[in-house]
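Chemist: fold the following for me, if possible:
(one chain, ligands or ions: 1)
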Amino acid sequence: MARKKIALIGAGNIGGTLAHLAASKELGDIVLFDVIEGVPQGKALDLSQCGPIEGFDAKIIGSNDYKDIQGADVIIVTAGVARKPGMSRDDLLGINLKVMKAVGEGIKANAPDAFVICITNPLDAMVWALREFSGLPHNKVVGMAGVLDSARFSTFLAEEFDVSVRDVNTFVLGGHGDTMVPVVQYSTVAGIPVPDLIKQGRSTKERIDAIVKRTRGGGGEIVALLKTGSAYYAPATSGIAMAEAYLGDQKRLLPCAAFVEGKYGLDGLYVGVPVIIGAGGVEQVVEIDLDEEAKANFQVSVDAVKELLEACKAIDGSLA
Ligand code: APR
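Modeler: Below is the predicted model:
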């Protein structure tokens, strides 16, 4: 049986890390695509030379030609630019919207059967635009945010309770931004809900509120430290977890930016919700009951995503 093909659009910090992870895990042969000539080729060569040491046979090539993504089974998109000082949100939206248009058309022409995971920010708007431009079915285009945001929440909770991260399970829903909703009610340590742990005196509401706040600003905290870029190790590993769920038909229940129509009172919008990912792509959006506070916060987050979509439509009339 031929190996699977993984195409990575964007060969920057996340793209390079994705390629390394995908190769070490032998997810398939890898195409690293970028508009900058030399960078994907150089990174592919460097990464290929990890093979003899790490013991992987995955072939890694770099490319500036969309034809090379032909027949890809999974595509992970990190192409775009990050916000720089002095750049407004609309400036960033405008630039990355154009990138999504080029990427969406490249996917449509060369790999319309792929499962596409978008990581480019602002995530909820970009995944929506990428779906619109590519014309792929909604269940085959999904955004990576919740897996990363939940990993951040889990890391902080494991520190707070002084337990293994393996026993912490969390959910972060809503848009990938300041309005995201870390859902305390459904966050557990080995099945014990965080509110019960507070009742047992293992933490306080104030401390958990501070962790929720830190989770919401988790990306910004790293940008402030790095100064020249944004997080890439955890975003890449989150994208790979989603790709593995698809390739292995794992039916994992993960928080992802998925197209929601009819559930959560939404009528066709990409936002972070729990979904089941298997061989069918996003096989199911899972609706969970939220307490009043989470419900209100989710609504604020949905409104923020809607505002971004309106801004996209104002920039590119073909999306209206
Ligand atoms: N097609 C393909 N690649 C592109 C395009 C395009 N039209 N435009 C830009 N790129 C490439 C850049 O050349 C660069 O190599 O996308 C890559 C982005 O890499 P980085 O700047 O290193 O950014 P990274 O840290 O990988 O993050 C990528 O993910 O989390 C989000 O906010 C983050 O939007 C950003 C994206």
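
Chemist: can you list the residues of the stretch 101-250 of the chain near the ligand?
Modeler: Contact residues, the stretch 101-250 of the chain versus the ligand (Cβ under 6 Å from any ligand atom): 102-103, 119-121, 229-230, 232, 235. Where C-beta positions appear, they are placed from N, C-alpha and C, glycine not excepted.

Chemist: just the pLDDT for the closest residue to the ligand within the chain.
Modeler: Nearest residue of the chain to the ligand: Gly12, at 1.7 Å (Cβ to the nearest ligand atom). Listed pLDDT for Gly12 reads 97.

Chemist: can you list contacts of stretch 154-161?
Modeler: With contact meaning Cβ atoms under 8 Å, 6 or more residues apart in numbering, stretch 154-161 is reached by 164-165, 167-170, 187, 189, 194, 197, 202-203, 207-208, 211, 214-215.

Chemist: these in strands, which ones?
Modeler: With DSSP state E as the criterion, strands contain 168-169, 189 from among the contacts of stretch 154-161.

Chemist: most neighbours, which of those?
Modeler: Of all the ones in strands among the contacts of stretch 154-161, the most densely surrounded is Val168 (23 neighbours; neighbours counted as other Cβ atoms under 10 Å).

Chemist: and that one, what are its bridge partners?
Modeler: As for beta bridges, Val168 partners with Val189 under DSSP bridges.

Chemist: what's the burial count for the nearest residue to Asp65 once chain neighbours are set aside?
Modeler: Spatial nearest neighbour of Asp65, chain neighbours left out: Phe33 (8.0 Å); criterion: Cβ to Cβ, 6 or more residues apart in numbering. Residues lying near Phe33 (other Cβ under 10 Å) number 25.

Chemist: next one: the one 4 residues further on
Modeler: For Glu37, the number of neighbouring residues by other Cβ under 10 Å comes to 11.

Chemist: contacts only, for it.
Modeler: With contacts defined as Cβ under 8 Å, 6+ apart, Glu37 is in contact with Asn64.

Chemist: check for me that it belongs to a strand.
Modeler: No: counting by DSSP: H, G, I helix; E, B strand; the rest coil, Glu37 is not found in a strand; it is coil.

Chemist: burial of Phe161, as a residue count?
Modeler: 16.

Chemist: where's it relative to Ser187, distance?
Modeler: Distance of Phe161 to Ser187, given as Cβ to Cβ, to the nearest Å: 11 Å.

Chemist: any residues in contact with both of the two?
Modeler: Taking Cβ under 8 Å, 6+ apart as the criterion, Phe161 and Ser187 both touch Val168.

Chemist: let's see the pLDDT reported for the residue nearest to the residue of the chain closest to the ligand when sequence neighbours are not counted.
Modeler: Spatially, and ignoring its direct neighbours in sequence, Gly12 is nearest to Thr78 (6.3 Å; Cβ to Cβ, 6+ apart). We have a pLDDT of 98 for Thr78.

Chemist: likewise for Thr228?
Modeler: Note on Thr228: pLDDT of 87.
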